[in-house]
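Chemist: Give the three-dimensional model of this entry:
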Amino acid sequence: METPYFLVALPQLNDPAFARTVVLVTHHGDEGANGLVINVPLVNEEDSQTQMVAEVKDTDGETLSEYEEFLFEGGPVNEETLFAIHDIEALADGDTPITNEVFLASNPDAFHRLLESEDFKNRRRFFVGCATWEAGQLDSELRTGAWFTVPFKKEYLFKKIEEDTDQKKWQDDLWVQILREGGGDPFTMMGQGPVDSGYN
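Modeler: This next block holds a predicted model:
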């Protein structure tokens, strides 16, 4: 399947890790698929805001810089790994192009460049963890009705979020918006029976 595209969890998806999520699928081929959940902000210990402290470290583990930055839960795989998505071509040296204007970064040098660019704060997003599927797994889940596919639109990647945002409402609003963008209606789909993802 041609990427990128959005993978939207249908209401009957019976998996806490993916309930009401939207995944940006960055690769989907014969060997499997991978992507990042884009609508689940991480919250601090007090559960009061969606902003965390981001540290950029060098290869020896020394902290290079520290920033307050919104972080998102990219998925249940590689939960210690940080990823970034941005559309800043001037800072995309060595990054993986998702489209001709959106890039995926996964190395400390790239994070440092992006975090230092305050002028581009609304054009970048950071994720902890990712989502992956083995060969044929996602195709099977699509056939069983766990997911809905929606064409990619860049503006959904950087939907505005504020420090005092209600995390759950923000997540649900973006989920509904993208589902409807693809012609789906979450309310008419509610009556279908539960479906498990391949992660269970």
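Chemist: Now do the same contact list for L36.
Modeler: 23-24, 26, 72, 74-75, 83, 85, 127, 130-131 (C-beta atoms under 8 Å, 6 or more residues apart in numbering). From N, CA and C alone the C-beta is placed, and that goes for glycine too.
Chemist: And those, which two are furthest apart?
Modeler: Checked with C-beta to C-beta, these reach their widest spread between T26 and F72, with 14.6 Å between them.
Chemist: Just to confirm, which residue in this structure is farthest away from the center?
Modeler: The C-alpha centroid of the chain is most remote from D60, which lies 27.8 Å away (C-alpha atoms, centre = their mean).
Chemist: any idea whether that residue is helix, strand or coil?
Modeler: Recorded secondary structure, D60: coil (DSSP: H, G, I helix; E, B strand; the rest coil).
Chemist: Need the pLDDT of it.
Modeler: Predicted confidence (pLDDT) for D60: 78.
Chemist: quick one: it from V128, how far?
Modeler: D60 is 21 Å from V128, where distance means C-beta to C-beta, to the nearest Å.
Chemist: same question, T59
Modeler: T59 is 19 Å from V128, where distance means C-beta to C-beta.
Chemist: Repeat that for D164.
Modeler: Distance from D164 to V128, counting by C-beta to C-beta: 21 Å.
Chemist: what does V77 give?
Modeler: On the measure of C-beta to C-beta, V77 and V128 end up 11 Å apart.
Chemist: same check, this time on K168
Modeler: Counting by C-beta to C-beta, the separation of K168 from V128 is 18 Å.
Chemist: more neighbours, the two?
Modeler: More neighbours surround V128 than the other of K168 and V128, with 19 against 12 (other C-beta atoms under 10 Å).
Chemist: hang on, isn't the more buried one packed against E69?
Modeler: No. Counting by C-beta atoms under 8 Å, V128 stays clear of E69, with 11.3 Å between them.
Chemist: Tell me the pLDDT of L157.
Modeler: 94.
Chemist: Surely it touches R125?
Modeler: Yes. Judged on C-beta under 8 Å, L157 makes contact with R125 at a distance of 6.2 Å.
Chemist: any shared contact partners between the two?
Modeler: Taking C-beta under 8 Å, 6+ apart as the criterion, L157 and R125 both touch 38, 85.
Chemist: In a helix, E163, correct?
Modeler: No. Under three-state DSSP, E163 falls outside any helix and is assigned coil.
Chemist: how far away is E68 from K159?
Modeler: The gap separating E68 from K159 is 19 Å, by C-beta to C-beta.
Chemist: Compare neighbour counts for these two and give me the winner.
Modeler: Neighbour comparison, E68 and K159: the larger count goes to K159, with 15 against 10 (by other C-beta under 10 Å).
Chemist: List phi and psi for that one.
Modeler: Main-chain dihedrals, K159, degrees, to the nearest 10: phi -60, psi 130.
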